[in-house]
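1. have a look at this prediction, sequence included:
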Amino acid sequence: MNIREIVTELQNFYIMSLRSFLGLFCKPFYLRDLVEQMDYAGAGSFFIVFLVSLFIGMALTLQISIELASLGLKMYTGKIVGVSIIREIGPVAIALSFAGRVGSGMASEIGAMVIGHQVDILRVYGIDPVKKLVIPRVLSATIMLPLLTLIGDAVALAGGAYISVFVGHDSGSFYWSQIRGAMSFANIFSGIVKPFIFGWIIACISCYMGLATRGGSKGLRRATTTAVVLSTIMIIISDFVLTQILLVLLGMHS
Amino acid sequence: MIEFQDVLLGFDRHRVLDRINFTAHYYDKIAILGVSGEGKTTILKLLLGLMHPDSGRILIDGQDITDLPETGLRDARMNFSIVFQDGALFDSMNVRENVAFNLRERGGLSEEEIEKIVREILSKVGVEEAIDLMPEELSGGMQRRVAIARSLASDNPKMMLYDEPTTGLDPITADNICALMSELSSGVPPDRKGLIMVTHDVDAAAKIAERFLYLNHGKIEFDGSLAALKSNDNPGLKKFIMEILI
């Protein structure tokens, strides 16, 4: 791919992303599609988010409590686990799981519709594929990823509590009091804002790659893989940028 | 009236269409023949504004649609309805929902009216019994029929476009599809609903079409009637139709 093609692709991506935002404010609204997508992205992702969060919470607590014990600071385990999960690890880990499951699903479903001429049929009927296919997916991801992150954070903290009490032999009430201490406005705000942005990024990239699918099953494979890889990279990069911005905005920058 | 004027289109330095010219009326019954990969389907996509040529003009009723944005193409597209090779049915919807899809999108009809129209059209194409089935439960022939039904439900098109309508079907099913296509385009010009079918199945084309275009290396090498097609002396075309017609 040469530079001109990359610039064209980027331009098309930005136009589609902008239209997916502006389209929220004008008719028609495809509510049935939105509900279907919310079910797929939200309820359908619950189990994987539950598992990923539980084991991340347990592994993180295990690591931190061992390191802190060697320094004689084991009592801070709950606070460090709480801050790490709420502000950073929870949003990022759940967004990565979401990109793997929902992002790949969006790209492959829309890509299959392109290859099977279903998107052409929509256009022939005068239906805007961005309104019909992209906006319900972008909106559902933007709504459901923050909700999944809230659930995932709670599950990860509960997993941490299990390790802290039953493996580290610490007091459960002390662990939870530390967690409550970590639930400041700044920490919760940081942890909630990120999933909105991640959801939007994942859905836009995945839908764009789906609509840009060319060349049969090989093209579909390429589109799906690219959607997940780009989403993953963009989640990591945007997490860093968002962290910097939020630290400054919330007055936490040293 | 459809006009292709010097239409040129290429992909990766390969000229798919090389300055092609033709005109057609909505009541014409045209078959575009050619081997696979010669750009036959591309002509249908250009006609619907789904693709744009590199140069040349495409006129629908005198309006140049070549560079029209998506929103400006709606009126031109309402003249046509297309049936793609694999039916392009929405696989998350059953037959009823597929046929009703555009009726619902356009709005203005009650659910009872939509149900009545859907049943009438499905009965017309002979697949009413499949109304509750999903696309993957249908045979190839039934998928084509449902796709035709969905096309008929959309805006009462003046002309039907068929992309390889008989490909992949057994001879009896292919004959049935041809009969259905002929029936839908029956009548006397200029009142009948015309069709453009792109196919490499000369036998099917001969049963339905009245005018034949032969596309080779991106150029229209033949444009004429069935009689002229049979008696032509273009070596490529002769070879193409030999096994079927002679």
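-> Arrived safely.
2. just the helices in chain B please.
-> Counting by DSSP state H, chain B has helices at residues B:40-47, B:74-77, B:95-106, B:111-125, B:140-152, B:171-184, B:202-208, B:226-231, B:235-245.
3. got the angle between the third one and helix B:111-125?
-> Okay, so that is helix B:95-106. Relative orientation of helix B:95-106 and helix B:111-125, computed by axes from the mean of the first three to the mean of the last three CA atoms, to 10 degrees: 130 degrees.
4. residues contacting residue A:188?
-> residue A:86 (CB atoms under 8 Å, 6 or more residues apart in numbering or on different chains). Every residue, glycine included, has its C-beta placed from N, CA and C.
5. what helix or strand does it sit in?
-> helix A:185-211 (DSSP states H and E).
6. measure how far the next helix or strand along the chain from that helix is from the centre of its chain, please.
-> With elements assigned by DSSP H and E, the helix or strand that comes after helix A:185-211 is helix A:216-249. Distance of helix A:216-249 from its chain centroid, counting by CA atoms, centre = their mean, to the nearest Å, is 9 Å.
7. I'd assumed residue A:151 was in a strand, is it?
-> No: counting by DSSP: H, G, I helix; E, B strand; the rest coil, residue A:151 is not found in a strand; it is helix.
8. for it, give me its contacts.
-> A:46, A:49-50, A:53.
9. tell me how many other residues surround the closest residue to chain B within the stretch 51-200 of chain A.
-> Closest residue of the stretch 51-200 of chain A to chain B, CB to the nearest CB: residue A:117 (3.9 Å). Look at residue A:117: counted by other CB atoms under 10 Å in any protein chain shown, it has 24 neighbours.
10. next one: residue A:154
-> Residues within reach of residue A:154, counting by other CB under 10 Å, total 16.
11. contacting residues for the residue nearest to residue A:103 when sequence neighbours are not counted?
-> Distances taken as CB to CB, 6 or more residues apart in numbering or on different chains place residue A:206 nearest to residue A:103, at 4.1 Å, with adjacent residues excluded. Counting by CB under 8 Å, 6+ apart, residue A:206 touches A:99, A:102-107, A:110, A:137, A:227, A:231.
12. and if you look at residue B:137?
-> Contacts for residue B:137 were tallied using CB under 8 Å, 6+ apart; they are residue B:130.
13. if we can go back for a sec, how close does the residue nearest to residue A:103 sit to chain B?
-> Distance, residue A:206 to chain B, using CB to the nearest CB, to the nearest Å: 17 Å.
14. one more: residue A:213?
-> Distance from residue A:213 to chain B, by CB to the nearest CB: 15 Å.
15. correct me if wrong: that residue contacts residue A:115.
-> Yes: using CB atoms under 8 Å, residue A:213 is in contact with residue A:115, at 6.2 Å.
16. domain ranges for chain B?
-> B:27-53+B:68-79+B:157-246, B:91-156 (automatic domain parsing).
17. a markdown table for those domains, including mean pLDDT?
-> A markdown table is the format used below for the domains of chain B (pLDDT from 0 to 100):
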| stretch | mean pLDDT |
| --- | --- |
| domain B:27-53+B:68-79+B:157-246 | 86 |
| domain B:91-156 | 90 |
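18. so which of the ones you listed comes closest to residue A:84?
-> When these are compared by CB to CB, domain B:91-156 sits nearest residue A:84, at 40.3 Å.
19. tabulate the CA atom coordinates of stretch A:18-27 in CSV.
-> Provided in CSV are the C-alpha atoms of stretch A:18-27 (Å, rounded to 0.1, in the frame of the first residue of the first chain):
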residue,chain,number,x,y,z
LEU,A,18,-17.7,11.6,11.6
ARG,A,19,-20.9,10.4,9.8
SER,A,20,-21.4,7.8,12.4
PHE,A,21,-21.4,10.6,15.0
LEU,A,22,-23.5,13.1,13.1
GLY,A,23,-26.0,10.4,12.0
LEU,A,24,-27.0,10.0,15.7
PHE,A,25,-28.9,13.3,15.4
CYS,A,26,-30.9,12.7,12.2
LYS,A,27,-33.5,10.2,11.1
